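> the sequence and its predicted three-dimensional model are supplied below.
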Amino acid sequence: MPVPEEATTTTTPLLDAESIIAFAIALGLGLLIGLQRERTTDRLGGIRTFPLIALFGALTAQLSLNPGMDWLMLTGLLAMTVLILLGNLDRLRGKDDHVGVTTEVSALLVFLLGAYLVLGDKTVAVTVGGTIAVLLHFKPGMHAFAKKLSDKDLRSIMQFAVLSLIILPVLPNRTFGPYDVLNPFSIWLLVVLIVGIGLGGYAAYKVVGARAGTLLSGLIGGLISSTATTVTYARMARKQQKAARLAALVILIASTSMFIRMFVEIAVVAPRKLTEFLPPLLLLFAISLVVCALAYWRVQQRENTMPEPGNPAELKPALIFGALYALVLLAIAAGKEYFGNRGIYVVALISGFTDVDAITLSTANLAGSGSMEVNTAWRAMVIASLANLVFKAGAAGFLGGLALLRGVLALFAIPFIAGLALLWLWP
């Protein structure tokens, strides 16, 4: 006897395993954010209310999955908005002088998080929920940090926003020009990377203050600009001859921290080739670190006031670096076509006198795309770094005097010889 069609029809359960997990996560995020809100003076919601809001959002989203009930999400959001308005009647009537809306915005976000846990990616929802809790918890520190920002600091942040959020998105993402190697979007993206590294060093300076000590002065200065650090400390050494040895050490540390910039740049533009780049570059980095440690042991920790660095997010230096990077790309393409690897090394030598970032990014980018051998790329980087050491030694001697020149040459000698040996002996 055939089974009636109605008997074979099964109804989809309201909650499956995935939905149960989503509801559990919603409850956890609601408790986390509610716990933080419980410790504030705002009584709109706390450790009980926020879990209920998260579950309300998750249940609304779950029900909206049923045919013909997609209107429930909008209805639930409107209901949450009405509830928040009702909870703020005293403020709306002018009876409450509380002016913040943090808790109200948090409540709406928690509702949407609960819904997104059902409708979207749980990993994203958990990340956003954790971020909300952290932002709420660190409110006092964030307010204090914002108040400490000077006009110069705020200008740096806004200029970086212009570079990364306004200029970058409108640039065409395709190649132009001779040898078809100039991609405006890619070039400016690397400009943003370099400015971002410099801005990170500037932020570190603002955190530790002017009295950073010798090690931090060199490290932070190298992250912002090792060349600028060399010029600054050379001028200081000319005014204070007794500080020549200390200035030479800071210049060495800044030059050594240049390798950190190189590793970051390679990891960004050629992550799959990073392990091939690391052995020779790490060896040279380690040798430079040993020299830094020995020199630091001789000088010992002395009182060192770090001069305030310039704004790393200025538009003019960014444009100059972008132009330099584009020229290096063209020069490498031309040198490779006409002279092979020797042409690339000549370009690295010339560009390295003023900047190592451009040759690092260009050769790493080419190696990452398969257009250049990794061995050729890292050798070009080492040549550029050695040329940069020569330039810094010359700048230190010209600006800081003979005492500083002797100190810098003594400290640069071992890394420079090690770099030459690496180029000659490494297979």
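Ah, there it is.
> burial of the nearest residue to A410 once chain neighbours are set aside, as a residue count?
The spatial neighbour of A410 that comes closest, neighbours along the chain excluded (C-beta to C-beta, 6 or more residues apart in numbering), is A248 at 7.6 Å. Every C-beta, even on glycine, is put in place using the N, C-alpha and C of the backbone. Using other C-beta atoms under 10 Å, A248 is surrounded by 29 other residues.
> how near is A248 to G400?
Applying C-beta to C-beta, to the nearest Å, the value for A248 to G400 is 9 Å.
> so what sits against both of those two?
Shared contacts of A248 and G400, defined by C-beta atoms under 8 Å, 6 or more residues apart in numbering, are found at A237.
> can you spell out the domain ranges of the protein, please?
Following automatic domain parsing, one gets these domains for the chain: 14-145, 149-425.
> and stretch 270-284, how far from the chain's centre?
Distance of stretch 270-284 from its chain centroid, counting by C-alpha atoms, centre = their mean, to the nearest Å, is 20 Å.
> shaky segments in the stretch 51-200 of the chain?
Within the stretch 51-200 of the chain, the segments meeting pLDDT under 70 span 90-100.
> show me the residue at the heart of this protein, geometrically.
Ranked by distance to the mean C-alpha position of the chain (C-alpha atoms, centre = their mean), the top residue is G196 at 5.9 Å.
> could you find the closest non-adjacent residue to it?
Residue nearest to G196 in three dimensions, not counting chain neighbours: F160, with 7.0 Å by C-beta to C-beta, 6+ apart.
> pull the number of nearby residues for F23.
Here the number of neighbours of F23 (other C-beta under 10 Å) works out to 19.
> that one against L55, yeah?
Yes - between F23 and L55 there is a contact under C-beta atoms under 8 Å: 6.6 Å.
> in contact with A22, which residues?
When contacts are counted by C-beta under 8 Å, 6+ apart, A22 touches A58, Q62, L117, V118, K122.
> try D355
Neighbouring residues of D355 by C-beta under 8 Å, 6+ apart: T227, F321, L324, N388.
> buried residues of the helix or strand harbouring A107, list them for me.
Counting by DSSP states H and E, the element that carries A107 is helix 102-119. Neighbour-count burial for helix 102-119, counted by 16 or more other C-beta atoms under 10 Å, picks out 103-104, 106-119.
> also stretch 155-169?
S156, Q159, F160, L163, S164, I167, L168.
> could those residues be laid out in CSV, adding secondary structure?
Converted to CSV, those look like this (DSSP: H, G, I helix; E, B strand; the rest coil):
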residue, secondary structure
S156, helix
Q159, helix
F160, helix
L163, helix
S164, helix
I167, helix
L168, helix
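> looking at those residues, which is nearest S217?
S156 (19.4 Å; C-beta to C-beta).
> ok, the buried residues of stretch 155-169 vs L404, which is closest?
Lowest distance from L404 to these (C-beta to C-beta) belongs to S156, with 29.7 Å.
> so who does that closest one touch?
Contact partners of S156, counting by C-beta under 8 Å, 6+ apart, are L199, Y202, N311, P312, A313.
> thinking again about what came up before, pretty sure the residue nearest to G196 sits against I197.
No - F160 lies out of contact with I197 (C-beta under 8 Å); the separation is 11.2 Å.
> distance from the helix or strand hosting T275 to the middle of the chain?
Following DSSP H and E, one finds T275 within helix 274-299. Put simply, helix 274-299 sits 23 Å off its chain's centre (C-alpha atoms, centre = their mean).
> who are the packing partners of it?
helix 213-239, helix 244-269, helix 374-400, helix 402-425 (3 or more C-beta pairs under 8 Å, 6 or more residues apart in numbering; DSSP states H and E).
> name the next helix or strand following it along the chain.
The helix or strand immediately downstream of helix 274-299 is helix 315-339, counting by DSSP H and E.
> what's the helix or strand following that next one packed up against?
Scanning forward in sequence from helix 315-339 by DSSP H and E, the next helix or strand is helix 341-352. Judged by 3+ C-beta pairs under 8 Å, 6+ apart, helix 341-352 is in contact with helix 315-339, helix 357-369, helix 374-400.
> so for stretch 399-410, mean pLDDT?
Averaged across stretch 399-410, the pLDDT comes to 92.
> same question for stretch 237-249.
Mean pLDDT, computed over stretch 237-249, is 82.
> give me the buried positions along stretch 269-276.
So for stretch 269-276, counting by 16+ other C-beta under 10 Å, buried means V269, A270, K273, L274, E276.
> cool, and stretch 128-142?
V128, G129, I132, A133, L136.
> picking up where we left off before, of the helices and strands packed on helix 274-299, which approaches I344 most closely?
Of all these, helix 374-400 sits nearest to I344, with 5.5 Å by C-beta to C-beta.
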